[in-house]
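> What would the 3D arrangement of this be:
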Amino acid sequence: MDLSNQADVRKIVEGCAERNAGYQQLLYKTMYSSMMLVCQRYANRPEDAKDLFQDGFIKVFDKIEKFNFNGSLEGWIRRIMVNNAIDYYRKNKNKFAMSETLLEAHQIAEEVESEGIFDDLNADLLLSFVQQLSPVYQTVFNLYILDDYSHAEIAEELGISEGTSKSNLSKAKKNLKQMVNTHLQKM
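The predicted model follows:
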């Protein structure tokens, strides 16, 4: 089946809504690679990415009857996976806690520009660098850079101020740039 074909998408969605294991397995296998990549961006360890993926797909199957065909099924599933990662962050926020006042006191006034430094690196290496960021920096970086959230949206989703979101993004970029520079110096 082809997820770019509306008729196929409708069959899959209806089959999954009816709890048909065959259609669920088909959707799961079809989306595995792309959605696992989304989960890996938000997780520090492979086990966490797998957990995010499994939890996300449980939500997909629980909510599939709400899919209204006004966009791509893949985009709808991606949104569920990202929201699942945000929920994971919220539940574990105390583990990842950073003093907001400390962050604001040390807030970097301007964002660090990438200066094209990432252009020559492969996606797996970049992903490994992103996974080395602290969970807070990693989450803000992913939401802003990869999932096109605004700082206002990030602040609302994560329960932080917009200034903290901007600061975390700036520091994430700075840390990534340092990792890339270190890597390039070793080459």
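> Now for N142, how many residues are close by?
Under the neighbour criterion other Cβ atoms under 10 Å, N142 is assigned a count of 21. (Glycine included, C-beta is placed from N, CA and C.)
> could we number from 29 for the rest of this?
Renumbered: residue one is now 29, and that last one reads N170.
> thinking it is in contact with Q68, fair?
No: if you go by Cβ atoms under 8 Å, N170 and Q68 don't touch, sitting 10.1 Å apart.
> buried sites along the longest helix that the chain contains?
Longest among the helix segments of the chain by residue count, using DSSP state H, is helix 190-214. Of the residues in helix 190-214, those scored as buried under the neighbour-count criterion (16 or more other Cβ atoms under 10 Å) are 192-201, 203-205, 207-208.
> ditto for stretch 167-184
By neighbour count, and taking 16+ other Cβ under 10 Å as the criterion, the buried residues in stretch 167-184 are 167-173, 175, 177, 179, 182-183.
> Show residues contacting it.
Outside stretch 167-184, the residues within contact range by Cβ atoms under 8 Å, 6 or more residues apart in numbering are 69-70, 110, 113-114, 117, 158, 161, 185-186, 188-190, 192-194, 196-197, 200-201, 204.
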